[in-house]
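S.K.: Following is a predicted model, sequence given first.
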Amino acid sequence: MTESASQNTPTPSADVAIVMRTKNRLLLLPRALGSVLLQKFTRWHLYLVNDGGDREALEALLATYRPVFGSRLTVIHHAQSQGMEAASNAALAAGTEEFVVVHDDDDSWDPNFLPNTVLFLSDPKNDRYLGVATSCYVIGEIIEEDGSVRETDRHVWTRESGATDYVKMLSSNTFPPICFLFRRSVIEKIGPFNATLPVLGDWDFNIRLMSCGDIGHIATPLANYYHRKTGKNSVYSNSVIGGASSHVLNNILLRNKILRNLLDKQPEMLGLFMALLPPLHETKETAGRLEYEVSEARYHLKYLEDLIKNNAGRLEYEVSEARYHLKYLEDLIKNSAGRLDRIESRISATDQRIQPQIDQIQMVSRWHWKMLRPLHKVWRVALPFRRVVAYIRGRS
């Protein structure tokens, strides 16, 4: 089943045991408690295990919530921390509900998580499934110095449709505990959580569960899985992030244990593994090189895209500047042409006014020339006599 149950499905009647482990994380615990209280399916019981944390501080916080929880809350205090999986087992031993889910004290649910998951496992068509997991949001957040919590990013952790792939589960855990509701009856077959594991107890449990049956899938993201980047010794760090080195080590140790158990029962498998693993190792190395080359190619492609984008930005700016100056020149030419038209019009009007006067002056000038021309000729003829007279007067 890949979608949420339809509205025509009958209301479920099964009970749910909610296992929640905590230790001195009072800042985030109210979010988890509110997540449980807001569930639209109300036939649940919360088993809150205080694994070595401050008892008085926790009880002071719970005093506000007890009237709302009523009889649906059981608090188990451990004087000394026994570890996450031992805390889970303590809660399992305290309850008898048909379905079980582990709700970490820093995660949360959509109000429709329990209605959808319980409906799924209650449907007779899904009897083959020992559990069901939903998709979820992976939400990054940081805790500010003033104690406020701020979300930084989120994305959907999508899973394969239909059912959980056992092969993928053997490779890595394909969902966090907050997404997973399972039948209590499976514990009788595979046992409780492995209390010897400091981390990865949920992965170990899921591998053992899938050796007996399948895990269904609801595609809708109905859970919120929070990640915080804090110091590895911080009480608010995630085991996946704050305890990354422990995860790596215990991942190897768990695989080694499973392999030894198999070879103890079937020692002839050793030869098969020795024949198959070298080619697989070579394939993995080749895939690693290809992945590195693809990563390098993506880096260079991103660099070229940024370069083109930046150059395109500069070119766009220069084109914009050129268009601005061109518009300025066009406006200037247009205004200048208008002024030239006005000047030409004024010159034409002035020419029309003074043209008669010019014509009159030309006529008078021609008439004066005709009148003075004989006198000018006499004056030129008398030039020798004028020179003699000038000599006599001493003006030579």
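M.R.: Thanks, I have it. Numbers count the residues shown, from 1 in each chain.

S.K.: By residue count, tell me the biggest helix in this protein.
M.R.: Taking DSSP state H as the criterion, the chain has its longest helix at helix 269-381.

S.K.: Can you list the helices and strands that that one packs against?
M.R.: helix 244-265 (3 or more C-beta pairs under 8 Å, 6 or more residues apart in numbering; DSSP states H and E). Any C-beta I mention is one placed from the backbone N, CA and C, and that applies to glycine too.

S.K.: pretty sure Asp104 is in contact with Arg21, am I right?
M.R.: Yes - checked against C-beta atoms under 8 Å, the pair Asp104 and Arg21 is within contact range at 7.1 Å.

S.K.: and the two? which has more neighbours close in?
M.R.: Higher neighbour count among Asp104 and Arg21: Arg21, with 27 against 22, using other C-beta atoms under 10 Å.

S.K.: Just say helix, strand or coil for that one.
M.R.: On the three-state scheme (DSSP: H, G, I helix; E, B strand; the rest coil), Arg21 is labelled strand.

S.K.: Now the element after the longest helix of the chain, going C-ward?
M.R.: Sequence-wise, the next helix or strand downstream of helix 269-381 (DSSP states H and E) is helix 383-392.

S.K.: What mean pLDDT does that following helix get?
M.R.: Across helix 383-392, pLDDT averages out at 77.

S.K.: and it with helix 269-381, angle?
M.R.: 80 degrees (axes from the mean of the first three to the mean of the last three C-alpha atoms, to 10 degrees).

S.K.: circling back: quick one: distance of the longest helix of the chain to the chain centre.
M.R.: From the chain centre to the centre of helix 269-381 is a distance of 43 Å (C-alpha atoms, centre = their mean, to the nearest Å).

S.K.: shift numbering so it begins at 19
M.R.: Okay, using 19 as the starting number, the last item reads as helix 287-399.

S.K.: Spell out the secondary structure type for Ile160.
M.R.: For Ile160, the assignment made with three-state DSSP gives strand.

S.K.: for the one 10 residues further on, same thing?
M.R.: The three-state assignment at Thr170 reads strand, by three-state DSSP.

S.K.: Surely it is in contact with Glu159?
M.R.: Yes - using C-beta under 8 Å, Thr170 is in contact with Glu159, at 6.0 Å.

S.K.: Now do the contacts for Arg49.
M.R.: Neighbouring residues of Arg49 by C-beta atoms under 8 Å, 6 or more residues apart in numbering: Asp124, Ser126.

S.K.: and the gap between it and Ala305?
M.R.: 40 Å (C-beta to C-beta, to the nearest Å).

S.K.: what do you get for Val396?
M.R.: Distance, Val396 to Ala305, by C-beta to C-beta: 124 Å.

S.K.: before we move on, what about Glu159?
M.R.: Counting by C-beta to C-beta, the gap from Glu159 to Ala305 is 33 Å.

S.K.: Comparing the two, which shows the higher neighbour count?
M.R.: Of the pair Glu159 and Ala305, Glu159 is the one with more neighbours under other C-beta under 10 Å, namely 17 against 10.

S.K.: Just list whatever residues bridge to the more buried one.
M.R.: Glu169, Arg246 (DSSP bridges).

S.K.: so it touches Val167, yeah?
M.R.: Yes - counting by C-beta under 8 Å, Val167 is a contact partner of Glu159 at 5.6 Å.

S.K.: low-confidence ranges in the stretch 269-414 of the chain?
M.R.: For the stretch 269-414 of the chain, applying pLDDT under 70 flags the ranges 269-278, 280-281, 288, 291-292, 294-295, 299, 369, 376, 413-414.

S.K.: hmm, 50 instead?
M.R.: Along the stretch 269-414 of the chain, the model assigns pLDDT under 50 to no residue.

S.K.: The stretch 69-218 of the chain now?
M.R.: The stretch 69-218 of the chain contains no residues with pLDDT under 50.

S.K.: in it, which spans are helices?
M.R.: Using DSSP state H, counting those that start in this stretch, the helices of the stretch 69-218 of the chain run over 73-87, 102-112, 131-140, 184-189, 203-208.

S.K.: hey, which of these is tucked in deepest?
M.R.: Mean neighbours per residue, mean count of other C-beta atoms under 10 Å, is largest over the helices of the stretch 69-218 of the chain for helix 131-140, with a mean of 24.

S.K.: counting contacts, what elements does that helix pack onto?
M.R.: Applying 3+ C-beta pairs under 8 Å, 6+ apart, we find helix 131-140 packed against strand 117-120, strand 147-161, strand 198-201, strand 232-246.

S.K.: can you count the residues close to Val37?
M.R.: Other residues lying near Val37 total 23 when counted by other C-beta under 10 Å.

S.K.: Skipping adjacent residues, who's closest to it in space?
M.R.: Distance criterion C-beta to C-beta, 6 or more residues apart in numbering; nearest residue to Val37, sequence neighbours excluded, is Ala109 at 4.1 Å.

S.K.: Would you quantify the distance from that neighbour to Thr301?
M.R.: Counting by C-beta to C-beta, the separation of Ala109 from Thr301 is 43 Å.

S.K.: how about Ile36, secondary structure?
M.R.: For Ile36, the assignment made with three-state DSSP gives strand.

S.K.: quick one: it and Asp122 touch, right?
M.R.: No - applying C-beta under 8 Å as the test, Ile36 and Asp122 come out as separate, 11.0 Å apart.

S.K.: ok, now which ones touch Glu169?
M.R.: By C-beta under 8 Å, 6+ apart, the residues touching Glu169 are Ile157, Gly158, Glu159.
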